[in-house]
Structures are given as structure tokens and as C-alpha cells.
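> model this:
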Amino acid sequence: MKSFWHNLPRPFFILAPMEAVTDVVFRHVVAKAGHPDVFFTEFTNATGWFRAGDKAIGGRLLKTEDENPIVAQLWGSDPEAMAALSQRCAQLGYDGIDINMGCPDQSAIKGGGGADMIRNPERAAAIIGAAKTSGLPVSVKTRLGYTYVDEWRDWLKFIFEQDIDLLTIHLRTKKEMSKVPAHFELIPEIKALRDAVAPSTLLVINGDVRDRTHGLEFAETYGIDGAMIGRGIFSNPFCFTSRTTTPTRDELITLLRTHLDLFDEYQSQMGRPFETLKRFFKIYIRDFDSASLLRDRLMHCKTTHEVRETIDLIK
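Predicted structure coming up:
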């Protein structure tokens, strides 16, 4: 039976999972600006949850009924823990499980998760098998390789052989981080490999995709199934729409007000301090006169009420 992934329009667009960014609050802000076809959660450590329960992950798996479809992105190196949390995600009403096999963060790698999976294919296969016990569609997000770009062929072939629903490829290696341009030139070869090994596995690209228009260009050129946008949302929160005009100051500030309201609404469930809001100010306060001065003032605020009072001074 085909999963929800196969019922999406082509090409489809995904909000990338981003640590301490794509929580339930910010996902709702993005939906208000321009709804992606699929939401992903933040990264959630299966091993931490398995050992310590919900308190170990805070509100990372908090979602609402109007976020459809939504995929839980999990990471970890313990198959038992992955199976248990994947099954819990099914109980919570998630539409799919995505396994992070590309995160370059050293804490994830030290624990055998994230990009470390590239160096341990057998462990990666065990983790995928564990996630499948949930009965949910299982996908993987990874990179071209750990150290060298030419690792991609053996690594991606192995992943395609695992019978997953979808593979998202960040078109850089772990070593490259985001310091070099994404290797778009490899898409035709990667697609040919997919067609030969696992033609039913959907293929999504990630890395340097700016917005919907940009992603449509890649889809038309290369015949990929979808595009995932991450950092592009920081430059343009309306990036999932087809609009070509730059967001106005009033539009951006309206989104900031929405973010503040949602933060107040969900703060008790998320358990995150006010300081975590400050990383978002640069998304909304930009590209207008005195924006840098206003951002500086906002960084000195201590409550959402103070933020509202400060932006009320804008004329």
C-alpha cells in the first residue's frame, strides 16, 4: 500500500527539520506565511527518550491536529530505542518517521547517530528496520558522504536498498557542512541510481534551495519528486508561496506578533525560556530602515510583553 508520500502533488515542498527552530510554534508561523506540503519536527533523540521518557525531549514531539501531514524526525543508534519511539510516534498520530543520518553535530556523531551512520551502514540498516516496526512510512535524510563527495555512490546505493519510502539528500558531505555550494551537478547521477535500484523510493533534494520558485526549477530540470527548504526560511518566511515580491515590513512584523502569541500559548508545554525566541528576530526585523537598531533593542527584552511594547514604537 502506498503511503501519504505518494499521494502528494509533484513536486512537493518540505519544511526542513532544524534544531531549536522547527518547533510547534514556528511551524504554525510558517503555515500562516505559506503552508509547505509536509512538516518535519525538530530532531528527537530516541535513546534519550527511551532512557528518561518525555522529560528528556521536552516539547519536541508536541504537535497539533491542523499540522498535516507531519513527520517526526528521530535520531539515535540504539535499534530498541528507535523502535520504541517510532511506535510512540504512531500512537501520537504522526504520519511518518524520518531518520536523521546526516546531522554533523558532534554530540549526535559521538552517540553514533546523525552523519556517523554513513560510516556504519549495518547500524543504519538496523535503525531503519526498527523504525519500520511502527507501521508508519519510513524515510531517511542524509548527506553525500562523511568526508569525501565520491562516497555518495556506495552510501546512497545502500540506503536505496533498504526499501524506504523517501530519501532526502543534503547535497554536501558532513565535512563540508554548509561551507561550500550544494553539489547540484550530481542530481542526474543520483536520480539514475535511484531509478535503477529503488524506483519506488521518492527523491528529495536539500541544500541551497531558496524558495518554491527555485525548487520548481530543479524539479523541471532534473525530475526530482520534491525539495526541502531549511535556511531559506530565514531569508524569506514566505518561501513556500509562489510570490515574487519582497515581504513588507508590516507583513514581517505581523508574523512576529503571531510568533509571540503562539509562544505564550505553548510555552508551558514546550518548557522553553524566553531567550530561545531571540534567534528568530532576524527573520522578521530586516530589510527596512532602522531594522538593526530595532533588533538590538529586542535582544535586550526579557518578556514577550516587552517585545510587543518595543515593536509598537515603530512608525
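> isn't residue 140 right next to residue 168, touching?
Yes - Residue 140 is within contact range of residue 168, at 7.2 Å (criterion: CB atoms under 8 Å). Using the backbone N, CA and C atoms, a C-beta is placed for each residue, glycine as well.
> Overlap of the contact sets of these two?
Taking CB atoms under 8 Å, 6 or more residues apart in numbering as the contact rule, residue 140 and residue 168 both touch residue 98.
> Can you check the pLDDT for residue 56?
In this model, residue 56 is scored at 87, pLDDT.
> meant to ask about residue 286, not that
Reported pLDDT for residue 286: 91.
> what sits against the spatially closest residue to it that is not a sequence neighbour?
Nearest non-adjacent residue to residue 286, counting by CB to CB, 6 or more residues apart in numbering: residue 252, 7.2 Å away. The contact partners of residue 252, by CB under 8 Å, 6+ apart, come to 237, 283-286.
> One more: residue 60?
Contacts for residue 60 (CB under 8 Å, 6+ apart) come out as 23, 41-44.
> nearest to residue 212, of those?
Of all those, residue 212 sits closest to residue 41, with 21.5 Å by CB to CB.
> Residues contacting the helix or strand hosting the closest one, please?
Assessed by DSSP states H and E, residue 41 sits inside strand 38-45. Residues outside strand 38-45 that contact it (CB under 8 Å, 6+ apart) are 8, 12-23, 27, 31, 56-57, 60-61, 63, 67, 69-76, 85, 98, 100, 103, 108, 111, 113.
> Narrow these to those in helices?
The members of the contacts of strand 38-45 that map onto helices under DSSP state H are 27, 31, 85, 108.
> What is the subsequent helix or strand relative to the biggest helix by length in the chain?
Using DSSP H, we find that the single longest helix of the chain is helix 249-270. Per DSSP H and E, the first helix or strand lying C-terminal to helix 249-270 is helix 281-284.
> which strands and helices sit next to that next one?
Counting contacts by 3 or more CB pairs under 8 Å, 6 or more residues apart in numbering; DSSP states H and E, helix 281-284 packs against helix 232-235, helix 249-270, helix 291-299.
> same thing but 10 Å
When contacts are defined as 3 or more CB pairs under 10 Å, 6 or more residues apart in numbering; DSSP states H and E, helix 281-284 packs onto helix 24-33, helix 232-235, helix 249-270, helix 291-299, helix 304-311.
> Which strands and helices lie in contact with the first one?
In this case it means helix 24-33. Helix 24-33 sits against strand 12-15, strand 38-45, helix 232-235, helix 249-270, helix 281-284, with contacts defined as 3+ CB pairs under 10 Å, 6+ apart.
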